[in-house]
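>>> Below is the sequence, then the predicted model.
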Amino acid sequence: MDKVKTILFVEDDAVIMTAYRKPLELTGFTVVPAYDGIQAMRYLNQIKPDVIVLDLMLPALDGEEVLKLIYANPNLRHIPIVILSTNSVISLANEQTVQKVERHLLKGTCTFPILHAAIKEVLAEAEAANSYIPHTSPTSVPQILKSL
């Protein structure tokens, strides 16, 4: 049986978080919600998710800065990232930072099946490329979240 995969879902809009979190959990993922960039980085100091879904427009620390911090850290830079943001924000982002991201999805046209497929694809690509590094076991995620 495959290990349960953990998603760090970084999104400040509660409606969008709600729309995707439960369906992802129902398809077998553990979803760790982060509502701003600082909270996301705190979680990344505690857990190593299998994939990150990241909005670029965030309070406290925007998504582009989160990307820079992830790519600067050798322990994090191999985690696949799916950007889920608006077209205007993606097009304004620094291309050198955003070009490393595995998938770019637009909020206005994204549906759960599209996001789910993108997550599964980037996980499969990471495993096939041998860049997949086993991360925190799913049983320890709830314990870590309680301590934060």
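Nice, thanks for sending it over.

>>> alpha carbons only for contacts and neighbour counts from here, please
Noted.

>>> ok, how many other residues are close to the residue lying closest to residue 108 once chain neighbours are set aside?
Distance criterion C-alpha to C-alpha, 6 or more residues apart in numbering; nearest residue to residue 108, sequence neighbours excluded, is residue 86 at 6.9 Å. Neighbour count for residue 86, taken as other C-alpha atoms under 10 Å: 17.

>>> Now do the same contact list for residue 86.
106-108 (C-alpha atoms under 8 Å, 6 or more residues apart in numbering).

>>> wait, what's in contact with residue 55?
Counting by C-alpha under 8 Å, 6+ apart, residue 55 makes contact with 10-12, 63, 83-85.

>>> Go again with 10 Å.
Going by C-alpha atoms under 10 Å, 6 or more residues apart in numbering, residue 55 touches 9-13, 35-37, 62-64, 66, 82-86, 89-90, 104-107.

>>> List the beta-bridge partners for the most centrally placed residue in the chain.
Geometric centre of the chain, nearest residue: residue 52, 1.5 Å, by C-alpha atoms, centre = their mean. Judged by DSSP bridges, the bridge partners of residue 52 are residue 8, residue 81.

>>> That one touches residue 8, doesn't it?
Yes - contact criterion C-alpha atoms under 10 Å: residue 52 and residue 8 qualify, at 4.8 Å.

>>> Which neighbours do these two have in common?
Joint contacts of residue 52 and residue 8 (C-alpha under 10 Å, 6+ apart) are 31-32, 40, 44, 81.

>>> which of those residues has the most neighbours?
residue 81 (26 neighbours).
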